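*Asks:* sharing a model that was predicted from the sequence below.
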Amino acid sequence: MDSEELVDLIYAALLGERTWEDFLKALSEQLPDGVATLFYHDSEKSRGSWDLVYGADASALRDGGYYASINPWMKRAATRQVGVGVISDQMLPVNELKRTEFYTDFVYGRFRTRAAVGLTIVREEGKSFLLSVLTSREDPDENARAAELLTQLAPHLRRAFHYFRAGPKHRQIAEIAGSLFDSADVGVFVVGEGGRLKSASASAERMLAEGRCARLNPLGRLRLCDAEAAQVLQRMLDRTEEDAPRAFTRVINGTKATLVRVMKDRFAAYFEGPTVVLFLEPVLRPRALELEDFVKSHKLSSAEARALVGLLEGKNAAAIAAEASLSRETVRTQIKSLYAKLGAAGRIDVIRQVAQLDLRRATK
C-alpha cells in the first residue's frame, strides 16, 4: 500500500466512512510483524499512555503506563522535529536500547519486536502526540524508508488532530445544554485538556464576568475558585489519570458546581483529549417565612420539606440522608414524593417553582 492509499484511509476515518483501526492495520502491514500505535507522552511529568494499538493483544499493554514512563525514546522525542519520521536508532543507539527494561520486558518481551519508526504529530506545552510502528526488522536502511512514509502522512494526521480539537461538537454540547438550562439560569461550560474553555452558554458567559465561581486566565484556561474542585477538574482533564472521577459536585460561593467527564470512544479520546462539562447553578435560599408558605400551600410533609431544602442547597440524596441519619433509599422516596406533589419532572423544575417566590416579591 502506498502513501496515497494511507492518506485516503486517514480522511475516510475522519469522515466516518472507515475506522481508525483500518488505518492502523494498513500501517502495521508496512513493516514485518508491525505493531502500530497512536500514543501520548507528557515530558514534564514523564507519564504517557498507549491509547490506540493495532497488531497486539490488549493484554500486552498491561502496565502500559509504567512502560510509557520509562520509555527511553521519549527524551529525544520531546525535542525532535515535529512532522518528521525517524527510526529508533536516531532516538537511542540499539546497543543501549537493548540494555533497558523497556526493551527487554516490553518492546521485545511482549511484542517480539526489535526496532521502531516514529513520528511526532503534534507537540503542545511539553505534551507530545505520536505515531509509532514497532517491527522485528532491525535494518536501519529499510526502516528509514518506512520513516519517510510517516513523514508523508504527518500533515494529514495533523489536520485530523486539529479537526477533532476544533470541531463543532463542543459548541453543540454547550448550545443544547444551554437551551435546556438557561431558563433556570444554569451556566454550561465545555472544558478541554489543560483547562481550555471550548465553549460556554450565555449564562456561563455572565458567570465568568462575575468571577465568583470561575474565571479565565490570560491564556483562556478555566480556573475554579475552589481548591478541591480545581484539583478534581485537573484530574478529570489528565488523560493519564486512570482513576479520575466521572462526576463531582461542590457548592462554591453559593453556586452549585457539577463536573461531568464526557465518555468517548478510544479514537475520539486520543485526538480530542478529555472533555469535562461544568454546570454552575445558583443555590436558591428563599427567606424562611416564604419557604414556609410554599410548604403549606403545597401540603408538603416535614420529610418532603427537608428534602426540598436540601435540593435547594445543592445537596444530593446521599448528603440529605447523611444529615438526617436516614438511608439513601428513604430520602430518594421522599424526593420522589416531593416531585409528585409539585408536578415536577426533576430538581430543575423544583428550583424553577421556588424561584417564583423571589419573582413575586419583586413585582409587589
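*Replies:* Everything's here; your move. Here the structure is a predicted model, which is why all the values come from computation and not from measurement.
*Asks:* all contacts plus neighbour counts: C-alpha atoms, from now on.
*Replies:* Will do.
*Asks:* so where's the stretch 51-200 of the chain uncertain?
*Replies:* Residues of the stretch 51-200 of the chain meeting the criterion pLDDT under 70: 165-185.
*Asks:* where do the helices sit along it?
*Replies:* For the stretch 51-200 of the chain, the helices defined by DSSP state H, counting those that start in this stretch cover 64-69, 74-77, 88-91, 94-97, 101, 140-166, 169-181.
*Asks:* just send those back as CSV, with distance to Ala322 and mean neighbour count too.
*Replies:* Shown next, in CSV, are these (distance: least, C-alpha to C-alpha, whole Å; neighbours: other C-alpha atoms under 10 Å):
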stretch, distance to Ala322, mean neighbour count
helix 64-69, 38, 18
helix 74-77, 49, 17
helix 88-91, 56, 19
helix 94-97, 56, 14
helix 101, 50, 16
helix 140-166, 42, 18
helix 169-181, 28, 17
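*Asks:* now do the SS call for Ala305.
*Replies:* helix (DSSP: H, G, I helix; E, B strand; the rest coil).
*Asks:* hang on, it packs against Val295?
*Replies:* Yes. Contact criterion C-alpha atoms under 8 Å: Ala305 and Val295 qualify, at 6.5 Å.
*Asks:* between those two, which one's more packed in?
*Replies:* Ala305 (20 against 16; other C-alpha atoms under 10 Å).
*Asks:* ok, the more buried one to Tyr339 distance?
*Replies:* Distance check for Ala305 against Tyr339: by C-alpha to C-alpha, to the nearest Å, it reads 11 Å.
*Asks:* so Asp238 touches Gly192, yeah?
*Replies:* No. Look at Asp238 against Gly192 with C-alpha under 8 Å: they stay out of range, at 9.9 Å.
*Asks:* those two: which is more packed in?
*Replies:* Gly192 (23 against 18).
*Asks:* phi, psi for that one please.
*Replies:* Dihedral pair for Gly192: phi -110, psi -170, per degrees, to the nearest 10.
*Asks:* what distance do you get for it to Asp226?
*Replies:* From Gly192 to Asp226 the distance is 19 Å (C-alpha to C-alpha).
*Asks:* before we move on, what about Met91?
*Replies:* Separation of Met91 from Asp226 (C-alpha to C-alpha): 43 Å.
*Asks:* repeat that for Leu134.
*Replies:* 45 Å.
*Asks:* more neighbours, those two?
*Replies:* Leu134 (25 against 15).
*Asks:* surely that one touches Arg114?
*Replies:* Yes. Between Leu134 and Arg114 there is a contact under C-alpha under 8 Å: 7.4 Å.
*Asks:* joint contacts of those two?
*Replies:* Common neighbours of Leu134 and Arg114, using C-alpha atoms under 8 Å, 6 or more residues apart in numbering, are Val107.
*Asks:* could you pull out the helices in the stretch 201-350 of the chain for me?
*Replies:* Counting by DSSP H, counting those that start in this stretch, the stretch 201-350 of the chain has helices at residues 202-210, 227-236, 266-272, 288-297, 302-312, 317-324, 328-342, 347-363.
*Asks:* need the ones you listed in TSV with distance to Phe106, can you?
*Replies:* Formatted as TSV, the helices of the stretch 201-350 of the chain follow (distance: least, C-alpha to C-alpha, whole Å):
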stretch	distance to Phe106
helix 202-210	47
helix 227-236	27
helix 266-272	22
helix 288-297	64
helix 302-312	51
helix 317-324	45
helix 328-342	47
helix 347-363	51
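*Asks:* lowest average confidence across these, which one?
*Replies:* Mean pLDDT values for those show the minimum at helix 347-363, a mean of 62.
*Asks:* element containing Asp8?
*Replies:* Using DSSP states H and E, Asp8 sits in helix 3-14.
*Asks:* can you list the buried residues in that helix?
*Replies:* Residues of helix 3-14 classed as buried by neighbour count (16 or more other C-alpha atoms under 10 Å): Leu6, Val7, Leu9, Ile10, Tyr11, Ala12, Ala13, Leu14.
*Asks:* equivalent analysis for stretch 213-223, please.
*Replies:* Of all the residues in stretch 213-223, those buried under the rule 16+ other C-alpha under 10 Å are Cys213, Ala214, Arg215, Leu216, Arg221, Leu222, Arg223.
*Asks:* what does stretch 242-252 give?
*Replies:* Applying a neighbour-count criterion of 16+ other C-alpha under 10 Å, one finds Ala244, Ala247, Thr249, Arg250, Val251, Ile252 buried in stretch 242-252.
*Asks:* stretch 251-266 now?
*Replies:* For stretch 251-266, burial by neighbour count (16+ other C-alpha under 10 Å) applies to Val251, Ile252, Gly254, Thr255, Lys256, Ala257, Thr258, Leu259, Val260, Arg261.
*Asks:* again with stretch 199-218
*Replies:* Judged by neighbour count using 16+ other C-alpha under 10 Å, the buried positions of stretch 199-218 are Ser199, Ala200, Ser201, Ala202, Ser203, Ala204, Met207, Leu208, Cys213, Ala214, Arg215, Leu216.
*Asks:* using TSV, lay out these together with distance to Arg76.
*Replies:* TSV is the format used below for these (distance: C-alpha to C-alpha, whole Å):
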residue	distance to Arg76
Ser199	35
Ala200	38
Ser201	42
Ala202	45
Ser203	46
Ala204	42
Met207	44
Leu208	41
Cys213	41
Ala214	38
Arg215	37
Leu216	34
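*Asks:* alright, calling it a day.
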